[in-house]
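[1] Sequence isn't available, so here's the structure alone:
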């Protein structure tokens, strides 16, 4: 938590803020300014968007960064509030910043894990498809595009069963997965847009969310 005047001079910073940026508890904070604790890229957001919005609307919130004395950046979620004199003139700005380093790290780990999983799916030579409970295609890999001759964006949202020579049998296949959890070596005939066909063995299982609720078929 910090307080600054309208010339960006820091008037107050609490102990947590001092520890974040590496300033001693007894050090005079009034000799510093907002830019001293803000990376240039984040300062532009604060000065060009955060402060004007706070002056106009009373407050602003968003993501930015603090700059520690040793030069390293700390990603933060930040709120800026304007405090006015009795006549309504903006007098001071206060800010509350929360360190989101850990949440940023977790998001990045999830992004990398998701990319890794996606790459594994795309590397498969077998067509892989996810199907919603109502039988609509929700995702496919490149191999599926190749065996159907249909691009991914056109496949998604369409009826899974429509890409087989016996749609009713294909529909019975994925309905069996929903009722039994899995199906193994279920024979179907896949049809390419050119008209040629391919005999396949359909293997599938349900996938669930964290609560254990079935979301679809893979």
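    Structure received. Keep in mind that what you see is a predicted model, and the values were worked out from it rather than measured.
[2] Farthest from the middle of the chain: give me that residue.
    In the chain, counting by C-alpha atoms, centre = their mean, residue 87 sits farthest out from the average C-alpha position, at 43.6 Å.
[3] That one and residue 173, how far apart?
    75 Å (C-beta to C-beta, to the nearest Å). C-beta here means a position set from N, CA and C on the backbone, and glycine is covered the same way.
[4] go on, residue 125?
    Distance from residue 125 to residue 173, by C-beta to C-beta: 21 Å.
[5] out of these two, which sits in the busier spot?
    residue 173 (21 against 9; other C-beta atoms under 10 Å).
[6] Give me the three-state assignment for the more buried one.
    helix (DSSP: H, G, I helix; E, B strand; the rest coil).
[7] On the pLDDT front, check it for me.
    What the model reports for residue 173 is a pLDDT of 91.
[8] Then the one 3 residues further on?
    Turning to residue 176, the model gives it a pLDDT of 92.
[9] element containing it?
    helix 167-180 (DSSP states H and E).
[10] Buried residues, the helix or strand that that helix is followed by. List them.
    Sequence order places strand 182-191 as the next helix or strand after helix 167-180, per DSSP H and E. Using 16 or more other C-beta atoms under 10 Å as the test for burial, strand 182-191 gives 183, 186, 188, 190-191.
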